[in-house]
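Peer 1: how would this look folded up:
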Amino acid sequence: MSEETKHNFPFFPLNLIVMPGEIQPLHIFEPRYKQLIHDIQTSGEHFGIPFMLNNKICKLGSCVKLYKILSETSTGEMDILVKGVSIISIESMENTLGEKLYSGGSVKILKELNKTPSTELSNEFKNYQAQLAKINKIEGNSEKTNEPLNVLDIAGQLPLEIEEKFNFLILNCPIKRETFLLNKIKFLHMINQKLEQLGYRFFLN
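Peer 2: Numbers count the residues shown, from 1 in each chain. Model (predicted):
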């Protein structure tokens, strides 16, 4: 798959990675990002979240869309939900995008990261979903399990820490990324089995 380049793309740098399909809450309070969200509301366009590690902006980031505005105060502060669309490479960045208060630049949509998973990864993920459904006593709803998912979609549905997501994305070949997810799913499967054996009996000291 070829890479798609976008210019004059609005940025909201954060210590956050949002995988495709994943939904994350954001609290908006700075004037520049109030302006950004209002602009996105009007245009319906996407924006980028360049990933910040140790207060430095990395080359990788997330392309997201505004999913829902949960609340807004009289001063313009907002609680919103964003939904991941794709993973991006930050090609250039300016402190302000034209006359806007927020930053922006050029990005490449890294479509090649989102491969069709191997049969092994797909089956392991479906088994993990079925295990979660059993734990949560969800019956008669197998539609989600049967959805065709790509590698990044699977990653977005696993409980990965931010640094885990970053370490996964910077792996330099599809086989390594699949192995990373397989190991994570097998670990989660083992933890869930232990919880079932213990009967979910947890007590606070």
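
Peer 1: List the contacts of the helix ranked longest in the chain.
Peer 2: The longest helix of the chain (DSSP state H) is helix 174-198. Helix 174-198 is touched from outside by 113, 115, 117-118, 120-121, 124-125, 127-128, 131-132, 135, 151, 154-155, 158-160, 164, 167-169, 171, with contacts defined as CB atoms under 8 Å, 6 or more residues apart in numbering. In short, each C-beta sits where N, CA and C put it, glycine included.

Peer 1: Out of the residues you listed, list just those in strands.
Peer 2: Cross-referencing the contacts of helix 174-198 against strands under DSSP state E gives no overlap.

Peer 1: Now do the buried residues in the longest helix of the chain.
Peer 2: Residues of helix 174-198 classed as buried by neighbour count (16 or more other CB atoms under 10 Å): R177, E178, F180, L181, L182, K184, I185, L188.

Peer 1: which residues touch S106?
Peer 2: Listed by CB under 8 Å, 6+ apart, the contact partners of S106 are T5, K6, H7, N8, F9, I90, E91, S92.

Peer 1: With F166 instead?
Peer 2: Shown in contact with F166 (CB under 8 Å, 6+ apart): I17, F51, L53, C58, L60.

Peer 1: State whether V64 is indeed within a helix.
Peer 2: No. Note on V64: no helix contains this position according to DSSP: H, G, I helix; E, B strand; the rest coil, which reports strand.

Peer 1: still on that earlier bit, filter the contacts of helix 174-198 to the buried ones?
Peer 2: Buried among the contacts of helix 174-198 (16+ other CB under 10 Å): 113, 117, 121, 124-125, 128, 131, 151, 154-155, 158, 160, 168-169.

Peer 1: what's the closest of those to S43?
Peer 2: If you rank these by distance to S43 using CB to CB, L113 comes first, at 25.9 Å.

Peer 1: returning to what we had before: closest one to L26 out of the buried ones among the contacts of helix 174-198, please.
Peer 2: Distance to L26, by CB to CB, is smallest for L160 among the buried ones among the contacts of helix 174-198, at 18.4 Å.

Peer 1: Please verify my assumption that P50 contacts S92.
Peer 2: No. Assessed by CB atoms under 8 Å, P50 is found out of contact with S92, at 11.2 Å.

Peer 1: out of the two, which sits in the busier spot?
Peer 2: With neighbours defined as other CB atoms under 10 Å, P50 and S92 compare such that P50 has more, 22 against 10.

Peer 1: Tell me the secondary structure at the more buried one.
Peer 2: Here P50 takes the strand state, with states given by three-state DSSP.

Peer 1: Distance-wise, check it relative to T75.
Peer 2: Applying CB to CB, to the nearest Å, one obtains 26 Å for the distance of P50 from T75.

Peer 1: What's the per-residue pLDDT of L195 here?
Peer 2: Looking at L195, its pLDDT reads 74.

Peer 1: same thing with Q131?
Peer 2: With respect to pLDDT, Q131 scores 86.

Peer 1: just L113 next, same as before
Peer 2: At L113, the pLDDT value in this model is 85.

Peer 1: What of P117?
Peer 2: P117 carries a pLDDT score of 94 in this model.
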